[in-house]
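Student: take this sequence and fold it.
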Amino acid sequence: MTKFVARVIVVTMKLLFVTCRKEFAIFPGTNGWDADVPERFVFGVWHEVLTFPLLMAQPQHMSALTSQHQDGAYIAECLKLLKVVPFRGSTNRGGVRAVRQMLQVAQRLHITLTPDGPRGPRRVLKDGLVYLAARTQQAIVPAAFGCRRGLHIKGSWTDMLVPLPFTTTYCVLGEPIHIPAELTRHEIEQWTQRVQVVMDQLYARLDDWIVGRTGPPEFAELHPGSRREVA
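Tutor: The predicted structure follows:
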């Protein structure tokens, strides 16, 4: 039953995203949909927009962490259908084993993580993203996704954003954030706060782009000296 439900979900969402126009603003070298990108990253994606990086284009060399609860089983099956390697675990159940597995594949696979999951609060970064980046030595790529018109499906602690047919979907991938390998607990908390600020800034730029106040984000505003690459 889990595999059947997952297949229905994936087919339905693929058909929906096919109708959408897609806009990308990608920091050079961080395109997780490009099979030829040489470096591997940890992509930080808020839980509410998890479908966007999976369906706006085909992920390449990608893995993702999902919980060991039943909803995690559905997500894991969906990930397999989308050619994304799932790892089952969370801060409460199976987390240590999942981290060990990801450490083994870090040289060949990107990792997508929802740093405000599995129980929120919404858009509040937990320290697991920084911890994983420090252990794997993969740089964090802050990622922002949205759409011009969408449906918010109510959840227990956050909504799930689903684009309406024929709308425009948006992606912004920011400059990689390199985390030192050896960190104290206090330093992990400090880096977590820094990444939170960058994620908040990235979404502010994305929101301005969506409503037409500005064009695609110019990363020089956040990171002087960089340039924008549109996929």
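
Student: could you find the closest non-adjacent residue to the residue nearest in space to the middle of the chain?
Tutor: In the chain, the C-alpha nearest the mean C-alpha coordinate belongs to residue 45, at 2.7 Å (CA atoms, centre = their mean). With CB to CB, 6 or more residues apart in numbering as the criterion, residue 45 has its nearest non-adjacent residue at 5.0 Å, and that residue is residue 143. Backbone N, C-alpha and C define where each C-beta goes, glycine included.

Student: burial count for that neighbour?
Tutor: 25 (other CB atoms under 10 Å).

Student: checking it next. Helix, strand or coil?
Tutor: Per DSSP: H, G, I helix; E, B strand; the rest coil, the secondary structure class of residue 143 is strand.

Student: likewise the one 3 residues further on?
Tutor: Using three-state DSSP, the secondary structure recorded for residue 146 is strand.

Student: just checking, it touches residue 168?
Tutor: No: proximity of residue 146 to residue 168 does not meet the contact threshold set by CB atoms under 8 Å, at 9.5 Å.

Student: joint contacts of these two?
Tutor: Residues touching both residue 146 and residue 168 (CB atoms under 8 Å, 6 or more residues apart in numbering) are residue 210.

Student: those two - which one has more neighbours?
Tutor: Neighbours around residue 146 and residue 168, counted as other CB under 10 Å, are more numerous at residue 146. The numbers are 21 against 14.

Student: contacts only, for that one.
Tutor: Contacts here follow CB under 8 Å, 6+ apart; on that basis residue 146 touches 49, 52, 161, 169, 170, 203, 206, 207, 210.

Student: circling back: pretty sure the residue nearest to residue 45 sits against residue 43.
Tutor: Yes: with contact defined as CB under 8 Å, residue 143 counts as touching residue 43 (5.1 Å).

Student: what touches both of these two?
Tutor: Here residue 143 and residue 43 share the contacting residues 53, 173, scored by CB under 8 Å, 6+ apart.

Student: please enumerate the helices of the chain.
Tutor: Secondary structure of the chain, counting by DSSP state H: helices at 2-18, 51-55, 70-81, 95-105, 128-136, 185-211.

Student: tell me the angle the last one makes with helix 128-136.
Tutor: If I follow you right, that is helix 185-211. Per axes from the mean of the first three to the mean of the last three CA atoms, to 10 degrees, the angle that helix 185-211 makes with helix 128-136 is 120 degrees.

Student: quick one: average pLDDT of helix 185-211?
Tutor: Confidence over helix 185-211, taken as the mean pLDDT, stands at 96.

Student: kindly report the same for the shortest one.
Tutor: Computed over helix 51-55, the mean pLDDT rounds to 96.
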